[in-house]
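# For reference, the sequence and a predicted model appear below.
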Amino acid sequence: MKIDKTATTPLYSQIEVILEDKILTGVWDEGVQIPTEIELANTYDVSNITIKRAIMNLVDKGMLVRQRGRGTFVTNLHVEKNIHKSEFIRSDDEISSSHDLLEWKFNQSYPAISKKLGFSSEAEFVYVERIGYEEEEKVSLEYTYIPQEIWPPHEESPNKDVFIYDLLKKTCGITLARSKNYFSGTVPNENEVKLLGVRPNTPLFVWERITYSTDGNPVEYSKFIMKQDKDKYYLELDLT
């Protein structure tokens, strides 16, 4: 694959495609240190700035990682996780939960959330905002809205690391029946750049979830904004 300096495609995009191909085809294997920016600039006869931009785009995709004082390395393959068996859904002896609690508020009105759930615009919610961690690294922003009417009157804020489904079942006494899930992508806003420690325009995975009780009422709306540089989420359906 060669660089075409007469093409309308920016040079950094052409370099990005070439480097990505080396990773995907195994020319550069996991953990391999790639050539320096100067070496790559000389190889492809482009500027260091062009190389740097291409590399940073691959860093944002989670394919490369820069280590200060050492160089740039190919990352390990993404770990596949069934999203319906993830730490966002349930807990067990093999899953631990670690969070920073940013906000926990009661009796809050959110007309847009009320509309999503089919409530009146005056409906009130318990609002939870957290940063999720895996292996001491920030991986997600979590925004959860629980109808105030199902919250025990004298219940105070629970442990910051509690699983939302455990909270609904054990604290609110709700029997869960089903959930409706929406998946999309986004790039971080200024606040999310700061909270997750990512670069602007980094691709992020968005999962929105509405959970229903056995009586058919919505009992939770959550929005998870997740980094995708290490994990690859999948949804497995049993068709038998």
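Here it is on my side, so go on. Numbers count the residues shown, from 1 in each chain.
# From now on I want contacts and neighbour counts done on CA atoms only, so please keep to that.
Noted.
# Which parts of this structure are strands?
64-67, 71-74, 79-82, 98-109, 124-134, 137-147, 176-186, 204-213, 218-227, 231-234 (DSSP state E).
# Outline the domain layout of this protein.
Domain segmentation of the chain under automatic domain parsing yields 11-74, 79-234.
# Output those domains in JSON lines; the columns should cover mean pLDDT, mean neighbour count and distance to residue 2.
Output for the domains of the chain, formatted as JSON lines (pLDDT from 0 to 100; neighbours: other C-alpha atoms under 10 Å; distance: least, C-alpha to C-alpha, whole Å):
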{"stretch": "domain 11-74", "mean pLDDT": "90", "mean neighbour count": "16", "distance to residue 2": "8"}
{"stretch": "domain 79-234", "mean pLDDT": "85", "mean neighbour count": "16", "distance to residue 2": "27"}
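# so which of those gets nearest residue 3?
domain 11-74 (6.5 Å; C-alpha to C-alpha).
# Endpoints of the closest one, how far apart?
Domain 11-74 has its terminal residues 21 Å apart, counting by C-alpha to C-alpha, to the nearest Å.
# And it, how far out from the chain middle?
Between the centre of domain 11-74 and the centre of its chain there are 24 Å (C-alpha atoms, centre = their mean, to the nearest Å).
# I'd like the numbering to begin with 51 instead of 1 from here.
Got it, the first residue is 51 from now on, which makes the last one we talked about domain 61-124.
# want to throw the domains of the chain into TSV with distance to residue 55?
Below are the domains of the chain laid out as TSV (distance: least, C-alpha to C-alpha, whole Å):
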stretch	distance to residue 55
domain 61-124	7
domain 129-284	26
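# got the contact list for stretch 71-78?
For stretch 71-78, contacts defined as C-alpha atoms under 8 Å, 6 or more residues apart in numbering pick out 79, 84, 113, 124.
# So the third one versus residue 168, what's the distance?
Spelled out, that is residue 113. Taken as C-alpha to C-alpha, the span from residue 113 to residue 168 is 41 Å.
# The first one too?
Per C-alpha to C-alpha, residue 79 is found 50 Å from residue 168.
# One more: the second one?
If you measure residue 84 against residue 168 using C-alpha to C-alpha, the figure is 53 Å.
# What of the last one?
Separation of residue 124 from residue 168 (C-alpha to C-alpha): 47 Å.
# Check residue 201 too.
From residue 201 to residue 168 the distance is 18 Å (C-alpha to C-alpha).
# again, but for residue 239
Taking C-alpha to C-alpha, one finds residue 239 at 28 Å from residue 168.
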